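Coordinates only, no sequence provided:
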């Protein structure tokens, strides 16, 4: 299997990819630890709003004409309240902070360095926009969750090698419908952060 081609896109270049990106996000986030049932209409609206945000960037991994992975980045100042408010509550300034919304990659392409390329490209874009820090958040699941795979390896070690660390008490909550649930539930999300300078 060949290594995917990596492209960094901004603005109007993102719009034609929205439907394919929505399906990719649903496919990847269906697995542990997100267990997301998926809602293509919501995904398209989310991605369209993201694409319109000033200084937003999308990094895409492509195998031929097929998108096999994607990662997003945009200034924290343009995020929804559920993302910004934990920082405001702790008096953490966000003017120089970039938010990495997601990093999704089909399982068969993992372990080939694409995740590092995603972070490199997003951090480079954040620096080019004047950011001094970057952050993302990850779902927190109990270790005894019945759907947790026995062979699951968390990404904490990978993130720490990239210079990120969880910020104690800096959390938020996102709602979605798990694959084994009839209704949406809130899910705790832990923020990780690093400085770029």
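In hand now; what should we look at? Everything numeric in this text was worked out from a predicted model, so none of it was measured. Residues are numbered from 1 along each chain as shown.

pretty sure residue 58 is in contact with residue 6, am I right?
No - applying CB atoms under 8 Å, one finds residue 58 not in contact with residue 6, separated by 11.2 Å. Every residue, glycine included, has its C-beta placed from N, CA and C.

The worst-scoring helix or strand of the chain on mean pLDDT - contacts with which helices or strands?
Using mean pLDDT, DSSP states H and E, helix 40-52 stands out as the lowest-scoring helix or strand of the chain, at a mean of 90. Helices and strands touching helix 40-52, by 3 or more CB pairs under 8 Å, 6 or more residues apart in numbering; DSSP states H and E, are helix 18-29.

what does the helix it packs on contact?
Contact with helix 18-29 is made by 36, 38-40, 43-44, 47-48, 51, 58, 67-70, 102, 104-106, as judged by CB atoms under 8 Å, 6 or more residues apart in numbering.

ok so, going back, list the buried ones in the least confident helix or strand of the chain?
Neighbour counts over helix 40-52 (16 or more other CB atoms under 10 Å) mark 43, 46, 47, 50, 51 as buried.

Then stretch 14-26?
14, 17, 18, 21, 22, 24, 25, 26.

which of those lies closest to residue 182?
For the buried residues of stretch 14-26, the residue nearest residue 182 by CB to CB is residue 26; the value is 17.9 Å.

So residue 130 is in contact with residue 98, correct?
No - with contact defined as CB under 8 Å, residue 130 does not count as touching residue 98 (9.4 Å).

more neighbours, the two?
Between residue 130 and residue 98, counting by other CB atoms under 10 Å, residue 98 is the more crowded of the two (27 against 12).

how far away is that one from residue 78?
Look at residue 98 and residue 78: by CB to CB, to the nearest Å, they are 10 Å apart.

Extract the residue ranges of the chain that are flagged as low pLDDT.
Judged by pLDDT under 70, the chain has its weakly predicted residues at 1-2.

So for the longest helix anywhere in the chain, what gets flagged as buried?
Secondary structure of the chain per DSSP state H: the longest helix is helix 114-128. Within helix 114-128, the residues scored as buried using 16+ other CB under 10 Å are 114, 115, 117, 118, 119, 121, 122, 123, 125, 126.
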